[in-house]
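Visitor: Starting from these lines, generate the structure:
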Amino acid sequence: KLAGLIEAEENPGKKAEMLKAMWVWRENYPGDHQKLIGYAESDCKELSSAAKETLANCQSETVYRYAKEKLLGHEIDDTAIKILLSNYRAEDKDLILPALSELSIDYDEKSGWHDIAGHILEAGDSGIHLPREFFEWIYENSLCSFCRESAVRYMGKRRWLSQDVINECLYDCNDDIVMYAARKRKQGK
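Guide: Numbering: from 1, shown residues only. Next up, the predicted model:
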């Protein structure tokens, strides 16, 4: 019902406010994904931002193609990366990894790196089978101690921690990562 109201609303500001209510739930938008893509391309910053946040959790062929075209066009777009993560296919790994490496990692977070790290962790926890390299990217690049710890624990549960990574973790600034790595090293895993 809300999706219908959003699509019928003429005022871009009101449309944006209603979309914000949708993306808070982090669920697949039940309305027309093509219209949502149009909102994301809007000149209204509020509407564009709310639509992009909503698109990041959408799962459909329409949004998948939209995101893939953006990254194939060498446009580094945090929303496109998050969409591909939500709709992950094995062949996307070689498209996503270079995009991740081009993100500017700094405390301003203008590139959206922190949201992307969170999205990787959430996608992994929700059962989307993402490759180890995405979690290694989080550990190696994130300025967020919690994200790094979550990535290490995720990799540890899947026996993805190499001895080199475990040894590196022993010198991490996060004491919980250090203790976790020490346990893994003692276990020989």
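Visitor: tell me, how many neighbours does residue 153 end up with?
Guide: 17 (other C-beta atoms under 10 Å). (C-beta placed from N, C-alpha, C; glycine too.)
Visitor: Let me see the contact set for it.
Guide: Listed by C-beta atoms under 8 Å, 6 or more residues apart in numbering, the contact set of residue 153 reads residue 180.
Visitor: go on, residue 19?
Guide: When contacts are counted by C-beta under 8 Å, 6+ apart, residue 19 is found next to 6, 39, 47, 50, 51, 53, 54.
Visitor: rerun that using 10 Å as the cut-off
Guide: Neighbouring residues of residue 19 by C-beta atoms under 10 Å, 6 or more residues apart in numbering: 2-3, 6, 9, 29, 31, 36, 39-40, 46-47, 49-55.
Visitor: cool, residue 59 as well?
Guide: Taking C-beta under 10 Å, 6+ apart as the criterion, residue 59 is in contact with 27, 28, 29, 33, 83, 86, 87, 88, 128.
Visitor: at 8 Å instead, please
Guide: So residue 59 contacts 28, 86, 87 (C-beta under 8 Å, 6+ apart).
Visitor: Likewise for residue 52?
Guide: Residues in contact with residue 52, defined by C-beta under 8 Å, 6+ apart, are 40, 79.
Visitor: And the average pLDDT for the strand or helix carrying it is what?
Guide: When elements are assigned from DSSP states H and E, residue 52 belongs to helix 45-55. The average pLDDT within helix 45-55 is 93.
Visitor: buried stuff in the lowest-mean-pLDDT helix or strand in the chain?
Guide: Lowest by mean pLDDT, DSSP states H and E among the helices and strands of the chain is helix 12-24, with a mean of 85. Buried residues in helix 12-24, defined by neighbour count with 16 or more other C-beta atoms under 10 Å: 12, 15, 16, 18, 19, 22, 23.
Visitor: Same question for stretch 76-89.
Guide: 76-88.
Visitor: Just the residues contacting it, thanks.
Guide: 40, 52-53, 55-60, 63-64, 66-68, 70-71, 92, 95-96, 99-100, 102-103, 111-113, 115-116, 119-120, 123, 128-130, 134.
Visitor: hang on, the earlier thing: helices or strands next to the next helix or strand after the helix holding residue 52 in the packing?
Guide: For helix 45-55, the succeeding helix or strand toward the C-terminus, using DSSP H and E, is helix 61-72. The contact analysis (3 or more C-beta pairs under 8 Å, 6 or more residues apart in numbering; DSSP states H and E) places helix 61-72 against helix 33-40, helix 78-86, helix 93-102.
Visitor: now the end-to-end length of stretch 136-149.
Guide: 11 Å (C-alpha to C-alpha, to the nearest Å).
Visitor: Not counting sequence-adjacent ones, nearest residue to residue 132?
Guide: Using C-beta to C-beta, 6 or more residues apart in numbering and skipping the chain neighbours, the partner closest in space to residue 132 is residue 160 (4.5 Å).
Visitor: typo on my end, it should be residue 95
Guide: residue 71 (5.2 Å).
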